[in-house]
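Chemist: coords below, sequence missing:
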């Protein structure tokens, strides 16, 4: 397979302490979110044999710090373009510092930004942010869908992201661990609400509704440090998928994203 036919990606970080995904085609290299310090993102890229000098754009999902921490410094240091919708731009303008106007671009929910051999499709989600949206990227006949930071997955979302080649799906918390954990009741209610985060069971249910015969990799992401365990999230999702006759580690790989290290570069 030629390079032009390959879509490559790495989850550089996924969790409540920071989120960033690297995506590469034969002609383009981008990040979805930059929720670590600029230095840490540079280190994660170096760990997979890549460099910020080759990144041409950062697509922002929403304004929470674990998704934007490094956006401003990387944009200024490397002249990288930044894409976000208008609500998110309004919310981050005083958080990321000055970014030159010719590096700032809008991408609204439902819009597709076409780079030639890479298309970035945005879709709205339900989260307690100004105008949250996530992204599905397309290259040739391959697609990667990123979906975290949403309180639920609607039929509309399912229709957009069905049968992707790979998914990063949120499995933020175990409901019982969250209910019995150290968070305040108001914070627990926020996480459990329609503008919060998907539990392990809800992430599994979303995957059951979207996995198709093209799906080759499922990555479980945005795992809470306080209200979940890697083994628990993995086991819960695997059991739910297998109950619905989905061939975990047979038809597709089931992988756990990490907050503190990049996953190896995957080729679709």
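Modeler: Looks like it came in fine. Source: prediction; values computed, not measured.

Chemist: which residues are in contact with the one helix or strand residue 218 maps to?
Modeler: When elements are defined using DSSP states H and E, residue 218 is found to belong to strand 217-221. Contacts of strand 217-221 from elsewhere in the structure, counted by CB atoms under 8 Å, 6 or more residues apart in numbering, are 11, 14-15, 19, 148, 165-171, 203, 207, 211, 233-234, 237, 252-257, 263, 266, 268. Any C-beta I mention is one placed from the backbone N, CA and C, and that applies to glycine too.

Chemist: again with stretch 132-144
Modeler: Identification of contacts with stretch 132-144 by CB under 8 Å, 6+ apart yields 4-7, 9, 23, 25, 32, 59, 61-62, 85, 88, 107, 109, 117-126, 145-150, 160-161, 164-168, 268.

Chemist: ditto for stretch 84-98
Modeler: 59-63, 65, 68, 71-73, 75-76, 104, 106-109, 122, 129-133.

Chemist: and if you look at stretch 5-12?
Modeler: Residues external to stretch 5-12 that are found in contact with it (CB under 8 Å, 6+ apart): 20-26, 31, 36, 41, 44-45, 48, 50, 137, 139-140, 142-144, 165-166, 168, 219, 221, 257-258, 262-268.

Chemist: report pLDDT for residue 129.
Modeler: Predicted confidence (pLDDT) at residue 129: the value is 98.

Chemist: quick revisit: any of the contacts of stretch 132-144 buried? List them.
Modeler: Burial by neighbour count, 16 or more other CB atoms under 10 Å: within those this picks out 7, 9, 23, 25, 32, 59, 61-62, 85, 88, 107, 118, 120-126, 145-150, 160-161, 164-168, 268.

Chemist: narrow these to those in helices?
Modeler: Using DSSP state H, the subset of the buried ones among the contacts of stretch 132-144 located in helices is 88, 160-161.

Chemist: same list, these, but as JSON lines with distance to residue 81 and pLDDT please.
Modeler: Formatted as JSON lines, the entries for these read as follows, by distance: CB to CB, whole Å; pLDDT from 0 to 100:
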{"residue": "88", "distance to residue 81": "15", "pLDDT": "98"}
{"residue": "160", "distance to residue 81": "24", "pLDDT": "97"}
{"residue": "161", "distance to residue 81": "25", "pLDDT": "98"}
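
Chemist: could I get the residues you listed as JSON lines with distance to residue 227?
Modeler: Shown next, in JSON lines, are these (distance: CB to CB, whole Å):
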{"residue": "88", "distance to residue 227": "26"}
{"residue": "160", "distance to residue 227": "28"}
{"residue": "161", "distance to residue 227": "25"}
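
Chemist: and those residues, which is closest to residue 245?
Modeler: Nearest to residue 245, judged by CB to CB, of those is residue 161 at 20.5 Å.
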